[in-house]
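Student: Please work out how this folds:
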Amino acid sequence: MKSAVVVFPGSNRERDMVAAIEKITGHRPVTVWHGDHDLPKVDLIVIPGGFSYGDYLRSGAIAAREPIMGAIAREAERGVAVLGVCNGFQILCEAGLLPGVLMRNAGLKFICKEVELRVETTASQFTKGYAKGAVIRSPVAHGDGNYRTDDETLARLKGEDRVAFRYVANPNGSVDDIAGILSEKRNILGMMPHPENLIEPLNGGTDGRPLFEAALSAVA
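Tutor: Residues are numbered from 1 along each chain as shown. This next block holds a predicted model:
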């Protein structure tokens, strides 16, 4: 099983993501630079958290226009799994690979704490390792995590079972308590919380581990 972690100027969680995937699979992901036009043949592409380009213009707006995003879009169209966490979620939305946008937190403050998430669907390669309705823990660290979309898109996300996670206690004002969503083909997941930071007891828990185990086993 091969994976890639994409790095942009301002990314700061790529090492956490690489370490998490390596611990779970025993294989170190390849790191891919934002200026590359092509990706190696992989089964999972991850866009990690951070503050790409200092969050100028809008979080993820500049990174979404980098050459590597064209390659990610092509691979996603082929069915390759893509995971965007925090800034990665913002980038996927700005690139049009997921609907909606991430705006400034409702309280206008940066939030860095552990939250509870409810698993809303198990019908994806990312969430099939959980029980539907299960409440899991996950850290968040963002200033622009307030997910917004129009009413029609929200109805479609709900009707197509594409809301992957909801906040139990909404920390940022996201519409309908949304913490993570899936693409139409269900092979792209964007989420604001950081599952890579809860994959072993030394991290304080393992609630994030089933997400990676499920995603990686789908192509093993």
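
Student: what packs against the helix or strand hosting Ala19?
Tutor: Using DSSP states H and E, Ala19 sits within helix 14-25. Applying 3 or more C-beta pairs under 8 Å, 6 or more residues apart in numbering; DSSP states H and E, we find helix 14-25 packed against strand 3-7, strand 44-47, helix 209-217. Glycine gets a C-beta too; all of them are placed from N, C-alpha and C.

Student: now the chain, which segments are flagged as low pLDDT?
Tutor: 218-220 (pLDDT under 70).

Student: 80 instead, please
Tutor: Low-confidence segments of the chain, defined by pLDDT under 80: 1, 218-220.

Student: Next, count neighbours for the closest residue to Asn203 other than its chain neighbours.
Tutor: Spatial nearest neighbour of Asn203, excluding adjacent residues (C-beta to C-beta, 6 or more residues apart in numbering): Asn197 at 5.9 Å. Neighbour count of Asn197, defined by other C-beta atoms under 10 Å: 23.

Student: Distance-wise, check Asn197 relative to Ser52.
Tutor: 19 Å (C-beta to C-beta, to the nearest Å).

Student: Need the winner for burial among the helices and strands packed on helix 14-25.
Tutor: Stretch with highest mean neighbour count among those: strand 44-47 (a mean of 28; mean count of other C-beta atoms under 10 Å).

Student: How about residues contacting it?
Tutor: Contact with strand 44-47 is made by 1-6, 17, 21, 29, 39, 72, 75-76, 80-85, 87-88, 91-92, 215-216, 219, as judged by C-beta atoms under 8 Å, 6 or more residues apart in numbering.

Student: Pull out the buried positions in the next helix or strand along the chain from it.
Tutor: Downstream of strand 44-47, the first helix or strand assigned by DSSP H and E is helix 67-77. By 16 or more other C-beta atoms under 10 Å, the buried positions in helix 67-77 come out as 68-69, 71-73, 75-76.

Student: quick check: angle from helix 67-77 to strand 3-7?
Tutor: 150 degrees (axes from the mean of the first three to the mean of the last three C-alpha atoms, to 10 degrees).

Student: Packing partners of helix 67-77?
Tutor: With contacts taken as 3+ C-beta pairs under 8 Å, 6+ apart, helix 67-77 sits against strand 44-47, strand 81-85.

Student: tilt between the longest one and helix 67-77?
Tutor: Read that as strand 81-85. Using the same axes, to 10 degrees, strand 81-85 lies at 130 degrees relative to helix 67-77.

Student: Next, count neighbours for Ala169.
Tutor: 7.

Student: my bad, Gly208
Tutor: 25.

Student: Could you tell me how far the residue nearest to it when sequence neighbours are not counted is located from His34?
Tutor: Nearest non-adjacent residue to Gly208, counting by C-beta to C-beta, 6+ apart: Pro195, 3.0 Å away. With the distance defined as C-beta to C-beta, Pro195 ends up 23 Å from His34.
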